[in-house]
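Participant: using only what follows, build the 3D model:
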Amino acid sequence: MNLFYFVKLIINLMKISIINIANKMPEWIISGCEEYLKRINHGKYSCQIIEIKADKNNKKTALENMEQEAKKIEAAIPRDSFIIALDERGKMLDSIKFANFLDKTALQNTAICFIIGGADGIHPELRSKAHYSISLSNMVFPHALVRVIILEQLYRAISILENHPYHRE
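Facilitator: Numbering: from 1, shown residues only. Here you go, the predicted structure:
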């Protein structure tokens, strides 16, 4: 390991952002997110949710909605982020592989940003700009639920990396 990576490993705060297109979230989603954020945000980890309001113009096509949402998402992505699209066409990783991917990505980047699209998904152009794409399942989930799932998986990955007994195998 070269000196740069060693120093970065010691002093670097892993900055994670989750950008989500959403309107009013149910209380159980808010509560679940708060619980996992509380567990994640300690020591060398910092995680935030960036919520972007969905456009309620029903006269637009799905592609037009996704295009408008993509512009808002791109504007909200923290500078120098490694962008990960959460999309059903992405690569499926088990929890151990996800933890290792997260660890490797954090060593090479100052910030990681997960993108959760709106009800119609992520615009193809934005999806192509992502550095990586992950599928959480072969099934499609509502974007509000994906927010809780990715937070739980981030907490699980951190637990694996810290040898915490949360993850059992």
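Participant: is the most centrally placed residue in the chain bridged to anything, and to what?
Facilitator: Among the residues of the chain, Phe114 comes closest to the average C-alpha position under C-alpha atoms, centre = their mean, at 2.7 Å. On the basis of DSSP bridges, Phe114 is bridged to Ile18, Ile84.
Participant: quick one: contacts for it?
Facilitator: Shown in contact with Phe114 (C-beta atoms under 8 Å, 6 or more residues apart in numbering): 16-19, 84-86, 150. Every residue, glycine included, has its C-beta placed from N, CA and C.
Participant: one more time with 10 Å, if that's ok
Facilitator: 16-20, 47, 49, 81-86, 130, 132, 134, 146-147, 150-151, 153-154 (C-beta atoms under 10 Å, 6 or more residues apart in numbering).
Participant: who's in contact with the residue lying farthest from the centre of the chain?
Facilitator: Distance from the C-alpha centroid of the chain peaks at Lys59, with 29.4 Å (C-alpha atoms, centre = their mean). With C-beta under 10 Å, 6+ apart as the criterion, no residue contacts Lys59.
Participant: any idea how far it lies from Gly118?
Facilitator: Per C-beta to C-beta, to the nearest Å, Lys59 is found 16 Å from Gly118.
Participant: pLDDT at Lys104, what is it?
Facilitator: At Lys104, the predicted lDDT confidence score is 93.
Participant: that older thread, looking at the contacts of Phe114, which are in helices?
Facilitator: Under the assignment DSSP state H, the contacts of Phe114 contribute 146-147, 150-151, 153-154 to helices.
Participant: in this structure Lys91 contacts Lys97, no?
Facilitator: Yes: in this structure, Lys91 is within contact of Lys97 by C-beta atoms under 10 Å, at 9.2 Å.
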